[in-house]
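Asks: Here is a sequence with its predicted model. Questions after.
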Amino acid sequence: MATDSPLLLAAVTLLSAFQMGYLARRVGWSRMAHKILPPVVSGPPEFERTFRAHQNCVEFYPLFLVSLWTCGMFFSEVLAAATGLVYMAARQLYFNGYTQSTKKRLPGFYLTLAALLTLSVLAVVGITHGLLDKYFYTPI
């Protein structure tokens, strides 16, 4: 194994995949509790909130992965991994809040946006620095 492998990014990615599986399982448990068989996605408010919380996490997941890896490869792997863990905690806070009430999802949602914005901005900074260094830097 190469010592320059992005181990932290890989670890956070794998942890986030396990988290997504756990959230999907929570939807399954809610289906069983409310006797809702697939493909039905409507039912009691508790089920619908759990289903929507998971769907929202699924919708944000590609944005997270792209931002995580781009930030980690072009800016800082350690900072990207740490922010990725914050993102995961925010998603859990969001999910748990949303299953209770729609208003309780907001703290986790705002923290999620902050983590994604951080990853994205740092990715842009890293890419910009790389482009400037590669194409515009002229040694004296």
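Replies: Perfect, thanks for sending it. Numbers count the residues shown, from 1 in each chain.
Asks: The protein: helices as residue ranges?
Replies: Assigned by DSSP state H, the chain shows helices spanning 7-34, 45-74, 77-100, 106-135.
Asks: Low-confidence ranges, the protein, go.
Replies: For the chain, the stretches flagged by pLDDT under 70 are 1-2.
Asks: how far away is the spatially most central residue of it from residue 103?
Replies: Nearest to the mean C-alpha position of the chain, by CA atoms, centre = their mean, lies residue 64 at 4.3 Å. Computed with CB to CB, to the nearest Å, the distance linking residue 64 and residue 103 is 24 Å. For every residue, glycine as well, the C-beta is placed using N, CA and C.
Asks: Quick check: end-to-end length of stretch 68-80?
Replies: One end of stretch 68-80 sits 6 Å from the other (CA to CA, to the nearest Å).
Asks: go on, stretch 66-86?
Replies: Using CA to CA, the two ends of stretch 66-86 sit 16 Å apart.
Asks: number of nearby residues for residue 43?
Replies: 15 (other CB atoms under 10 Å).
Asks: mind listing what it touches?
Replies: 34, 36 (CB atoms under 8 Å, 6 or more residues apart in numbering).
Asks: Next, find the distance separating the residue lying closest to residue 16 once chain neighbours are set aside from residue 42.
Replies: Among residues not flanking residue 16 along the chain, residue 88 sits closest, at 5.6 Å (CB to CB, 6 or more residues apart in numbering). Using CB to CB, we find residue 88 at a distance of 29 Å from residue 42.
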